[in-house]
Every structure is written in structure tokens, then in C-alpha cells.
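**Q** Pasting a predicted model and its sequence here:
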Amino acid sequence: MAVTDEQVSALRAQLAGNAAEHKRLFAQLDRQGDALGYSALVNAAFFEAVDRRFGKQNTRADVIEFVADVRSRFDEVADEVDPRSAERVILKVLGTGSTDDIDAQTSMTAKLYLLAAIIADEHLDDTGLDDFMAEVRKSANYLLS
């Protein structure tokens, strides 16, 4: 199994800030058939974005501050994302802590909102976003192999 063009297009639309296009493309995905590939793509993108944003020099306080900032900037994040879960999914990528007790839906929701915020903060142009998507697609395909 490999990540499909449709999965990449759906996530790219979200990260480009095109909510209507994301919603349309995401609705076209097969919930069962595309779930594994899309999940791998989101996880690879989240890992890469967190690594870019935080690297290894940031502290737990930096993560807490970032999550609080994202929740204050976007009303829907404050409503949809538990701050402790959001902090923990970032910290897990950074090699600290566990997310074993966070259910898959809560984890995925946090990752999607935080990923979108990190990419928005990078102010990528179309080429930069295409490069990011190509890189994370390769990583996701590796995870699926």
C-alpha cells in the first residue's frame, strides 16, 4: 500500500488553508480504504513539522507556550483540542513522554490542528508546500512498507 495522490491533495489543501477544498477532497476519500495511508501521511507530516518547529533545543515550556498560542489564535482549536493531549503529541515526537493513553481520534485531531498551525507559521509558498508534501509522502510510504 502506498499513499495516493488523493490523500496528498486532501492534506495539502488543508495545509494551504483552503478549508472548502480540503473538505471536498477529504469527503471523496474512502473511509476504510484510505484510512491507513492518510493516517501515515498525517503522522509523517506531523513528525516533520514538529521537528522543523522545535528541533532538539526546545523545552517543555516552549511546547506549552506554542499550544496555548495556537489555541488562542484559532477558536476551533480551543474547542476541539485538549491542551494536554496536544502538548503530549508534540513531546512524544521530541522523544519525551508517552501518548499510549490518548485515543486515536483525539491524537489525530490534535496533530491535524497543530500541523496546520506549524505550516501556517512557516509561510510556505506553493513550491515550499509541494516540497514539504513530497518529502512527507516519501516518509509515509516508508512507514507503510
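**A** In hand now; what should we look at?
**Q** ok, Ser72 - how many residues close by?
**A** A count of neighbours around Ser72, defined by other Cβ atoms under 10 Å, yields 10. To be clear about C-beta, it is placed using only N, CA and C from the backbone, and glycine gets the same treatment.
**Q** nope, Asp75 is what I was after
**A** Applying the criterion other Cβ under 10 Å, we find 9 residues in the vicinity of Asp75.
**Q** For the residue lying closest to Val89 once chain neighbours are set aside, give me its contacts.
**A** The shortest distance from Val89 to any non-neighbouring residue, by Cβ to Cβ, 6 or more residues apart in numbering, is to Ala110 (5.1 Å). Contacts here follow Cβ atoms under 8 Å, 6 or more residues apart in numbering; on that basis Ala110 touches 81-82, 85-86, 89.
**Q** so of these, which ones are in helices?
**A** Applying DSSP state H to these, the entries found in helices are 85-86, 89.
**Q** Closest one of those residues to Asp101?
**A** Distance ranking of the ones in helices among the contacts of Ala110 against Asp101, using Cβ to Cβ, places Ser85 first at 9.6 Å.
**Q** Confidence-wise, which helix or strand of this protein is lowest on average?
**A** The weakest-scoring helix or strand in the chain, judged by mean pLDDT, DSSP states H and E, is helix 75-80 (a mean of 79).
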